[in-house]
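Enquirer: the sequence isn't on hand, but the structure is:
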């Protein structure tokens, strides 16, 4: 994630792993690393020129930052550089999971780098697409040939979200219903054709964003909270055995 001011305040002992160079119009950055109390590794994109600002991640005083294309292309490129193994030479992911337009260029950069890393894009809201002018192609390190229907082009502009939908290994949405809806003309926001193609290839999946808590309410009423804790622990042990996972307290 970007090293926003709130992030820097919460994690005051960030280890800088590597200084990374600029790419095209995307400024140089530093890869920072920290851990949560239960041992989860966090990576931070340290680039104060882009992220050390007041406001929300996207803007201030109700207005988007004018350089959001560079800000989120830098984040996406950083994720691809981590996948490439150039940012942290001691670790590479097997799968990169991008969410919505702010990170949707990540699968594209991975493809353009010809990496074998799989990528997943999750669409939470298709209406927000991250549209920017084609004059930014060079600054964003987007190949000229990618400015086409089979690429990042959307009605003459660059669409971050379309790039992710087109280049990701697989696309998911936040429910099975939404996965069906966005393949329709009414709800496809102009991307329904591409999404239908991905669906026909078996590359679009709806996964419900949330859990059905009714079983836990029933179990608490019927068996009590101790039963629920034991049941969860038992299932966690079974899953760890099934997937050969180490014992851990995390999810």
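Expert: Great, that's in hand. Since the model is a prediction, treat every value here as computed from it, not as a measurement.
Enquirer: could you find the closest non-adjacent residue to the residue nearest the centre of the chain?
Expert: When the chain is reduced to its mean C-alpha position, the closest residue under C-alpha atoms, centre = their mean turns out to be residue 98, at 2.0 Å. For residue 98, ignoring the flanking residues on the chain, the nearest one in space by C-beta to C-beta, 6 or more residues apart in numbering is residue 106 at 4.5 Å. C-betas here are computed from N, CA, C, even on glycine.
Enquirer: show me what contacts the residue nearest to the centre of the chain?
Expert: Contacts of residue 98 were listed using C-beta atoms under 8 Å, 6 or more residues apart in numbering, and they are 76, 79, 104, 106, 107, 119, 120, 121, 122, 164, 168.
Enquirer: over to residue 74?
Expert: With contact set as C-beta under 8 Å, 6+ apart, residue 74 has these partners: 26, 27, 29, 45, 47, 50.
Enquirer: closest one to residue 245 out of the residues you listed, please.
Expert: Of all the contacts of residue 74, the one with the least separation from residue 245 (C-beta to C-beta) is residue 45, at 28.3 Å.
Enquirer: mind listing the helices for the stretch 51-200 of the chain?
Expert: 68-84, 105-112, 160-167, 176-181, 192-200 (DSSP state H, counting those that start in this stretch).
Enquirer: how about those helices in JSON lines, adding mean pLDDT and distance to residue 94?
Expert: Conversion of the helices of the stretch 51-200 of the chain to JSON lines gives the following (pLDDT from 0 to 100; distance: least, C-beta to C-beta, whole Å):
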{"stretch": "helix 68-84", "mean pLDDT": "98", "distance to residue 94": "9"}
{"stretch": "helix 105-112", "mean pLDDT": "98", "distance to residue 94": "12"}
{"stretch": "helix 160-167", "mean pLDDT": "98", "distance to residue 94": "17"}
{"stretch": "helix 176-181", "mean pLDDT": "95", "distance to residue 94": "24"}
{"stretch": "helix 192-200", "mean pLDDT": "97", "distance to residue 94": "21"}
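Enquirer: figure out which of those helices is closest to residue 133.
Expert: helix 68-84 (8.2 Å).
Enquirer: thank you, goodbye.
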